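[1] here are the coordinates; sequence isn't available:
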């Protein structure tokens, strides 16, 4: 049971930007600062008697519920400059440099259960009944590495410096080529590189072809890499490698006239050094790099519009994604389709303007049944009931009284469709039930 007692979140963001043009050069600079503070407290178990019994077996008088508190303050400061050069033989070149610093100035964790263990450490580990203590080392190996730790993260600082360059080449009136490269240096994980290539061919005024390639990476987060072990919390893994992705796309855009536009996009992506949860209970790290994953799919879009009265948009997407079920204590890795996602998604939106000041917007969404997992403990207990397919219809009515005044009524899930989302660790068969019909009435006035 996890009962939130209190939660406070604060976020501040400020940005200064400057742009200067000189002798066909263009310089853009920006300076960002952000501060995020969070203070979360609650009960992993609010039963005093249960915790008292757990500690009683090792001779410790513990008369508190299992209470935890997590307090963090994160600061980010970033400076970036991008220089665009004058056109050189049909080349539009831009160069960028930047640096960002991340610092955790508040990094405090408290647990009533851990505090009791720290204060009675020798009594607990030397007790003849220690084997019956529910929080012993083999059950919570990460925490017992350092029972005196009250930090959330073992490392609280990271500096990222980066440079990138891009060249847009206009080969002729019909063909454009773009190439880009980027290097990022992380103070804690080293250098990483990424690239971008693109080709755009305009067969005529109505038909466009695109070929795109991009590589990127994702560094492990502080949570994944540096979280200290605490009871009920996963530990970080400092040996994690960054995730790397390579994506290939092709797109066809056909616009025969002002009223109609068609677009078809196909893609294939590979993800290596996948960072996923460590499921073995007797190992210390809570995260691990896993086998590569692939995903492929297609997306179709259609736009229809008149000069003012009617606008129609339709989108259809289909995805197939490979996934590796992490190894558990009593099983090996299992390859399967990505669990808990809808492979087919459809969306249509129609906007009707009977008057210039009045509009009706209708949105329809469809999600197919989700894919089942092959996690052994879930399959053996029949807990994975897929989320069934569902439709959603929303309606929005907007009226503009004046140029700067607007009244809007939104009705979400107008037919009160039963909507569920996959539940964490399949604790709720069939998924988490979401709210039904919602009504929103808003009025805005711009001064």
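    That came through, no problem. Being a predicted model, the structure only gives us computed values, none of them experimental.
[2] mind listing the helices for the stretch 151-300 of the chain?
    Ranges of helices in the stretch 151-300 of the chain, per DSSP state H, counting those that start in this stretch, are 222-226.
[3] in it, which spans are strands?
    157-170, 175-186, 190-202, 207-218, 243-254, 260-272, 274-277, 287-290, 293-305 (DSSP state E, counting those that start in this stretch).
[4] among those strands, which is the most enclosed?
    Of all the strands of the stretch 151-300 of the chain, strand 287-290 carries the top mean neighbour count, a mean of 19, counting by mean count of other Cβ atoms under 10 Å. Any C-beta I mention is one placed from the backbone N, CA and C, and that applies to glycine too.
[5] Mean pLDDT and distance to residue 418 added to the strands of the stretch 151-300 of the chain, as CSV?
    Formatted as CSV, the strands of the stretch 151-300 of the chain follow (pLDDT from 0 to 100; distance: least, Cβ to Cβ, whole Å):
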stretch, mean pLDDT, distance to residue 418
strand 157-170, 96, 44
strand 175-186, 97, 45
strand 190-202, 96, 43
strand 207-218, 97, 35
strand 243-254, 97, 35
strand 260-272, 97, 32
strand 274-277, 88, 30
strand 287-290, 90, 34
strand 293-305, 96, 27
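[6] Just give the closest residue to residue 252, not the sequence neighbours.
    Sequence neighbours aside, residue 264 is the residue nearest to residue 252 in space, at 4.8 Å (criterion: Cβ to Cβ, 6 or more residues apart in numbering).
[7] In contact with the one you found, which residues?
    If you count contacts by Cβ atoms under 8 Å, 6 or more residues apart in numbering, residue 264 has them with 251-252, 298-301.
[8] count of residues packed around residue 341?
    For residue 341, the count of nearby residues is 16 (other Cβ atoms under 10 Å).
[9] ok, then the element right after the worst-scoring helix or strand of the chain on mean pLDDT?
    Ranked by mean pLDDT, DSSP states H and E, the weakest helix or strand in the chain is helix 376-380, scoring a mean of 77. For helix 376-380, the following helix or strand on the C-terminal side (DSSP states H and E) is strand 390-402.
[10] centre of the chain versus that next one, how much separation?
    28 Å (Cα atoms, centre = their mean, to the nearest Å).
[11] ok, now how distant is the residue nearest to residue 155 when sequence neighbours are not counted from residue 55?
    Among residues not flanking residue 155 along the chain, residue 226 sits closest, at 4.4 Å (Cβ to Cβ, 6+ apart). Plainly put, residue 226 is 29 Å away from residue 55 if you go by Cβ to Cβ, to the nearest Å.
[12] what's the answer for residue 208, then?
    Using Cβ to Cβ, one gets 69 Å for the distance from residue 208 to residue 55.
[13] ok, now residue 77?
    45 Å.
[14] Compare those two (neighbour count), which wins?
    Using other Cβ under 10 Å as the criterion, residue 77 and residue 55 rank with residue 55 on top: 22 against 14.
[15] elements contacting the helix or strand containing the more buried one?
    Using DSSP H and E, residue 55 sits in helix 48-56. Applying 3 or more Cβ pairs under 8 Å, 6 or more residues apart in numbering; DSSP states H and E, we find helix 48-56 packed against helix 112-119.
[16] Mind giving me the packing neighbours of the helix it packs on?
    helix 48-56, strand 66-84.
[17] That helix to helix 48-56, inter-axis angle?
    Per axes from the mean of the first three to the mean of the last three Cα atoms, to 10 degrees, the angle that helix 112-119 makes with helix 48-56 is 30 degrees.
[18] residues of the helix or strand that helix 112-119 is followed by that come out buried?
    Going down the chain from helix 112-119, the next helix or strand is helix 121-125, by DSSP H and E. Under the neighbour-count criterion of 16 or more other Cβ atoms under 10 Å, helix 121-125 has residue 124 buried.
[19] for helix 121-125, the distance to its chain's centre please.
    41 Å.
[20] For residue 113, list the residues it contacts.
    44, 51, 62, 66, 135, 231.
[21] got CSV for those, with pLDDT too?
    CSV is the format used below for the contacts of residue 113 (pLDDT from 0 to 100):
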residue, pLDDT
44, 85
51, 94
62, 94
66, 93
135, 93
231, 90
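[22] Okay, and the beta partners of residue 182?
    Residue 182 has these beta-bridge partners by DSSP bridges: residue 164, residue 194.
[23] again, but for residue 390
    Beta-bridge partners of residue 390, as defined by DSSP bridges: residue 367.
[24] do the one 5 residues further on as well
    According to DSSP bridges, the partner residues bridging residue 395 are residue 362, residue 411.
[25] any idea how far residue 360 is from it?
    From residue 395 across to residue 360, the span is 7 Å (Cβ to Cβ).
[26] next one: residue 225
    Distance, residue 225 to residue 360, using Cβ to Cβ: 50 Å.
[27] Could you do residue 421 as well?
    In this view, residue 421 and residue 360 are 29 Å apart by Cβ to Cβ.
[28] cool, and residue 125?
    Separation of residue 125 from residue 360 (Cβ to Cβ): 69 Å.
[29] Likewise for residue 46?
    Taking Cβ to Cβ, one finds residue 46 at 49 Å from residue 360.
[30] got it, and residue 157?
    Counting by Cβ to Cβ, the gap from residue 157 to residue 360 is 53 Å.
[31] doesn't residue 315 make contact with residue 300?
    Yes. Residue 300 is within contact range of residue 315, at 7.2 Å (criterion: Cβ atoms under 8 Å).
[32] that older thread, can you check which of the strands of the stretch 151-300 of the chain gets nearest to residue 114?
    When those are compared by Cβ to Cβ, strand 287-290 sits nearest residue 114, at 21.1 Å.
[33] Quick one: distance of that closest one to the chain centre.
    With Cα atoms, centre = their mean, you get 17 Å for strand 287-290.
[34] other SSEs contacting it?
    strand 274-277.
[35] who does the strand it packs on pair up with?
    Using DSSP bridges, the strands paired with strand 274-277 are strand 287-290 (antiparallel).
[36] Mind listing residues that contact the strand it pairs with?
    For strand 287-290, contacts defined as Cβ under 8 Å, 6+ apart pick out 220, 224-225, 234, 236-237, 240-241, 273-278, 324, 326, 333.
[37] Filter the residues you listed down to the buried ones and express that as a PyMOL selection.
    In PyMOL, a selection of the buried entries from those looks like this (16+ other Cβ under 10 Å):
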select buried, resi 220+224+225+234+236+237+240+273+274+275+276+278+324+326
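[38] Give the buried residues for the helix holding residue 55.
    Within helix 48-56, the residues that count as buried by 16+ other Cβ under 10 Å are 51, 54-55.
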